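Student: Give me the fold of what follows.
(chains A and B)
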Protein chains: 2
Amino acid sequence: MNPYNAPLAEMRFLLEKVFNAPKTWSEMPAMAESVDMDTAAAILDEADKISRELIHPINRSGDEQGVRHEADKVITPDGYKAVYDQYAEGGWVGLCGDPELGGMGMPKMLGVLVDEMAYSACNAFTLYGSLTAGAALAIHAHGTEEIKQQYLPMLYSGEWSGAMDMTEPQAGSDLRNIRTKAVPNDDGSYNITGSKIFITGGDHDLTENVIHLVLAKLPNTSGISLFLVPKIKVNDDNSLGEANGVTVGSIEHKMGLKGSATCVMNFDDAEGYLIGRPNRGLVCMFTMMNYERLAIGIQGLGTSQAAYQMAADYAKERTQGVAAGGSPTGAAADPIIVHGDVRRMLLTIRTLTEAGRALSVYTGQQLDLAKYADDSDIKAKASRYVGLLTPVSKAFLSDRGLDAAIMAQQVFGGHGYIRETGIEQLVRDTRIAQIYEGTNGIQAIDFLGRKVTGDNVAALNEFVAEQVDNINGYSHVTDSDKAKVLALLENLIQVANHVNDNKLKQPGLINSCAVDFLDAFGYTLYGCFWLAMVDAANDHEDASFTLQKTQLSRFYFDKLLAKADFHLSQVKLGDESIMQMDANLF
Amino acid sequence: MNPYNAPLAEMRFLLEKVFNAPKTWSEMPAMAESVDMDTAAAILDEADKISRELIHPINRSGDEQGVRHEADKVITPDGYKAVYDQYAEGGWVGLCGDPELGGMGMPKMLGVLVDEMAYSACNAFTLYGSLTAGAALAIHAHGTEEIKQQYLPMLYSGEWSGAMDMTEPQAGSDLRNIRTKAVPNDDGSYNITGSKIFITGGDHDLTENVIHLVLAKLPNTSGISLFLVPKIKVNDDNSLGEANGVTVGSIEHKMGLKGSATCVMNFDDAEGYLIGRPNRGLVCMFTMMNYERLAIGIQGLGTSQAAYQMAADYAKERTQGVAAGGSPTGAAADPIIVHGDVRRMLLTIRTLTEAGRALSVYTGQQLDLAKYADDSDIKAKASRYVGLLTPVSKAFLSDRGLDAAIMAQQVFGGHGYIRETGIEQLVRDTRIAQIYEGTNGIQAIDFLGRKVTGDNVAALNEFVAEQVDNINGYSHVTDSDKAKVLALLENLIQVANHVNDNKLKQPGLINSCAVDFLDAFGYTLYGCFWLAMVDAANDHEDASFTLQKTQLSRFYFDKLLAKADFHLSQVKLGDESIMQMDANLF
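Tutor: From the prediction side, this is the model:
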């Protein structure tokens, strides 16, 4: 199997040419001194190296061996601990963390690319750091100064890890019914008791402590609050104290992601500390959740890229059959990349992956602006865009991730079904990305129900107007491609207004049509990004890069953009045929 | 987990009402005496029982344990041998076999439904019998009388099993380059030497002998011939003789189907017997291949049905969130089947599965007519239809099978990713159905390149004209549904003619657009079948059955039929954007 190689040229192109990161950074006081394109390129180079040389080698072996639960200990696969130590020492867990507390203070625009590489190299390993970074973000946003000083340096350094404890057997998509209790103590701490399931990185042997962010209910409330609960109590001098009533009930046996410890966690009068205000726990947890949602989208994106590389390499090497017009070299068998159907699959993966990377970087840019922009209007607008784009990034990138893995597996033929080849692992590993951190159905309902129609289509209108402006400014794309995307954007607004106008009359409409609306938005947005990429590639120093982007966009506009129309037509058909049948006839 | 229950009412409805099986059978001399609707219903009831009580219980355990290769023996999971013995003793392997040689002589129309049940119950187990029945079919069609007398009774009875040995490391989709050699002996037998990979059921402990049908080349030819090679030589009195130079090199470790032995088979001067004429082996093997292609489509169909049952049961039991318009019962949480997105997924699976079953039964009917019809015109026409429908059944049913398994898994949320739930096994098991027996890309190229344009669209025209006649005869469907399907059929012919007219000018066109054309045909054909089902359900004795079919069809025509148009539009866009990019830019 060929080792993973990060698509560095594409990544630099997106940062520098498509989204003008150097300008964004130079205008943000927090970034102006610390990052420019040279720094960013150097970090990308280093991330490529550790993804290939450090992380990728434990991907297959970790899948074969899996996590074990023995005598109350959760043991990660061979090699995980050594790799994690180097990864943490390199500062990668705290890449985008607060520099005043030990983070590296890098922009998320860059962070998403580093995350993508790590996920391409190994889905399961990368989750440990991702959950830690997400927990740090929530603590940073909602924790007291004392909590921040105590926990963040240890999380950024990777010495401790983080976990997000929300789901209970009876409360998954709907968290209102959680039963975990928090009883206040006299010293301001709380005693947490309850059981949580599906806790990624809930326990493991990579770090000496695991910092849980746990949703629980205070006495006599139906509201939900958030608590920080360390596996091992932390003394005032930051040394580790006694065990804290946090134990692992079991680990799950899963379809994939076998190197990631998915735990049932039991809290038995465990000492916890309130994060944020009482009964406002979901809001605080959403700081972490939104971070993880983007991260999980990037898991799908990283899988797409890895799948593409494996399939494209294979298609250029494997010979079978001759080209339809006769072998160009007169060989008895040509590399299968001569075959239209193989190309169709590769081009589908590639054009969706490149546009997906644009979505990831653009969302990262909006996160940076929402956090660091000097101008409060820019900041507020970026926050609205982050709200819109988070569910889309999570769902559309992870859905396309599974599609990519399955298509890539198909390119391998029978060999794709064999474990040693490695491509089937990508299918199994990435499948969960459509489910956890809120299923993609939940993401779509969040998008259409809250983000799009929740403000009567205001944010979407604003976002679409900006895309229209951008598109009208491109001078190196065809008029017909422009016109197609502009028509879709208009159609998207019309359909959004239609749903908004009918949401009360047809209560089932949003839930029934949300997935189609999100998909329509995704394919349209990718059309916007393909226009942006072609326009920016026009004067690329490497003429083959320009040609490649033009030809890839040709495929996208010919073959994939029309999916947006199809999905919009589904939304327009409404929910009647979905809601009419009585449950007992199913 | 709920046990599997065959959809017996749907099965009987298709046979009796939609495709008028009793009439078909009464008009065929070979069937008139042996099968009527009562017999068929009794066989379906019994098949349901053994699928649920005998086969389904070894499904999960077989996946956990897998096949082992120890000391030259291939050992199936615990329970497989005992279940296989009962299955074989029940006569199920020889259900459609020649009654003069020990088969039960049942029609394929019925056989496809029995196969579906077995695949629903356990993909891996069912392959052993399927390969045996396929090998028997090829031997019956092309073997000498002596070979038939010697081998068929033992295959029909399940005492011996069959395997299909085609693929070699360098020759998969393209068999021209196989290297296995056959050297003639003086006694009329041949010595076979070579290595075959991916041999399903190549060796195992279920039967005392394995009968291999092996593709090999005679000396100084490039043609391919077919040989029967028993694992253990058979004496003239049918007792087993000495070992025959057939050994297992290794077994594959696969994504799923872990109870099915996938072997590397080595033939070392193994004694073999020519089946059919020299250098005509591919034609003979295609008798088996076509049988297996339909069977593998049915693997996908059986998976769809099993996935639907699991997901629908779960959706009616699992409570989470309340209905969009407020809980109908005032509960804190409703069963998730109230949610539009869950219904959308279940309805998609169900409407495709029911139409898929119609495709399977219809194809079975054409196979029966092609084999047993009294009238030679009917026979010849049915053969043409079988040619058209075999690649469609294989690819469209198995593609929809994976879709169904993935959607059903999504209904389960996080629990769907856990092995104990069982739904993730369906995803892993059915994934191979899109790959083996010719990838679905190969099926599509066979369909568009050979079956549709190979005779300048003659067979497709004939088939479509018959569908149009049928549709015009329905009196219990809406005019608008009729009109939609009729327009699609017309469009399908136009696009087929367009491809046919341009196939020489654009050599990449068929390969590039074949998958889209097959999908367009599939969704259109399912539209035809939904019209047929609604029309036939009009006077069903159970009014809720009529209502259910009407409401299901409403969903199909609203939401899924339009996919046919989308795929046709892809074909019309041609191959330019697929073929233009240079291989080194991938």
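
Student: A:Q467 contacts A:F529, doesn't it?
Tutor: No - using CB atoms under 8 Å, A:Q467 makes no contact with A:F529, being 9.6 Å away. Where you see a C-beta, it was placed from the backbone N, CA and C, and this is true even at glycine.

Student: Those two: which has the busier surroundings?
Tutor: Comparing A:Q467 with A:F529 by neighbour count (other CB atoms under 10 Å in any protein chain shown), the higher total belongs to A:F529, at 25 against 20.

Student: where's that one, which helix or strand?
Tutor: Assigned by DSSP states H and E, A:F529 falls within helix A:509-537.

Student: Now A:D165, what are its backbone angles?
Tutor: A:D165 adopts backbone torsions of phi -110, psi 100, taken as degrees, to the nearest 10.

Student: Skipping adjacent residues, who's closest to the residue in the stretch 151-300 of chain A that chain B sits nearest to in space?
Tutor: Closest residue of the stretch 151-300 of chain A to chain B, CB to the nearest CB: A:M255 (3.9 Å). Excluding its sequence neighbours, the residue lying closest to A:M255 (CB to CB, 6 or more residues apart in numbering or on different chains) is B:E424, at 3.9 Å.

Student: Would you mind listing the residues in contact with the one you found?
Tutor: Contacts for B:E424 (CB atoms under 8 Å, 6 or more residues apart in numbering or on different chains) come out as A:254-255, A:431, B:409, B:416-418.

Student: same thing but 10 Å
Tutor: Residues in contact with B:E424, defined by CB atoms under 10 Å, 6 or more residues apart in numbering or on different chains, are A:253-256, A:428, A:431-432, B:63, B:256, B:405-406, B:409, B:412, B:415-418.

Student: SS state for it?
Tutor: Three-state call for B:E424 (DSSP: H, G, I helix; E, B strand; the rest coil): helix.

Student: and the helix or strand where A:L402 lies, average pLDDT?
Tutor: Using DSSP H and E, A:L402 sits in helix A:376-411. Regarding helix A:376-411, the rounded mean pLDDT is 97.

Student: Could you list the buried residues of that helix?
Tutor: Going by neighbour count (16 or more other CB atoms under 10 Å in any protein chain shown), the buried part of helix A:376-411 is A:378, A:381-411.

Student: do the same with stretch A:34-52
Tutor: Quick answer for stretch A:34-52 (16+ other CB under 10 Å): A:35, A:40-41, A:43-44, A:47-48, A:50-52.

Student: low-scoring stretches of chain A, by residue?
Tutor: Filtered on pLDDT under 70, chain A yields the residue ranges A:1-2.

Student: ok, longest strand in it?
Tutor: In chain A, with assignment by DSSP state E, the single longest strand is strand A:262-275.

Student: Give me the distance from it to the chain's centre.
Tutor: Between the centre of strand A:262-275 and the centre of its host chain there is 26 Å, according to CA atoms, centre = their mean, to the nearest Å.

Student: same check, this time on stretch A:354-363
Tutor: 11 Å.

Student: Format the buried residues of stretch A:34-52 as a markdown table; extra columns: distance to B:D115.
Tutor: Listed next are the buried residues of stretch A:34-52 as a markdown table, based on distance: CB to CB, whole Å:
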| residue | distance to B:D115 |
| --- | --- |
| A:V35 | 62 |
| A:A40 | 58 |
| A:A41 | 58 |
| A:I43 | 56 |
| A:L44 | 53 |
| A:A47 | 51 |
| A:D48 | 50 |
| A:I50 | 51 |
| A:S51 | 46 |
| A:R52 | 46 |
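
Student: contacts with chain B among those, please.
Tutor: The subset of those within reach of chain B, counting by CB under 10 Å from any CB of the partner chain, is empty.

Student: Spell out the secondary structure type for the nearest residue to A:E27 once chain neighbours are set aside.
Tutor: Among residues not flanking A:E27 along the chain, A:D374 sits closest, at 6.8 Å (CB to CB, 6+ apart). Secondary structure for A:D374, judged by three-state DSSP, is coil.

Student: ok, now how distant is A:D374 from A:T24?
Tutor: The gap separating A:D374 from A:T24 is 11 Å, by CB to CB, to the nearest Å.

Student: More neighbours: which of these two?
Tutor: Using other CB under 10 Å as the criterion, A:D374 and A:T24 rank with A:T24 on top: 18 against 12.

Student: Can you identify the element that follows the one helix or strand A:Q86 maps to toward the C-terminus?
Tutor: According to DSSP H and E, A:Q86 maps onto helix A:80-89. Toward the C-terminal end, the helix or strand that comes next after helix A:80-89 (DSSP H and E) is helix A:108-121.

Student: And the helix or strand just after that following helix, what's buried?
Tutor: Later in the chain than helix A:108-121, the nearest helix or strand by DSSP H and E is helix A:123-142. Within helix A:123-142, the residues scored as buried using 16+ other CB under 10 Å are A:123-142.

Student: Helix A:123-142 versus helix A:108-121: what angle between them?
Tutor: 150 degrees (axes from the mean of the first three to the mean of the last three CA atoms, to 10 degrees).

Student: helices or strands up against the following helix or strand past helix A:123-142?
Tutor: Once helix A:123-142 ends, the next helix or strand along the chain (criterion: DSSP H and E) is helix A:145-156. Packing contacts for helix A:145-156, counted by 3 or more CB pairs under 10 Å, 6 or more residues apart in numbering or on different chains; DSSP states H and E, involve helix A:123-142, strand A:160-165, strand A:209-216, strand A:225-230, strand A:232-234, strand A:262-275.

Student: can you redo these as TSV with distance to chain B?
Tutor: Below are the helices and strands packed on helix A:145-156 laid out as TSV (distance: least, CB to the nearest CB, whole Å):
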stretch	distance to chain B
helix A:123-142	13
strand A:160-165	13
strand A:209-216	16
strand A:225-230	20
strand A:232-234	27
strand A:262-275	9
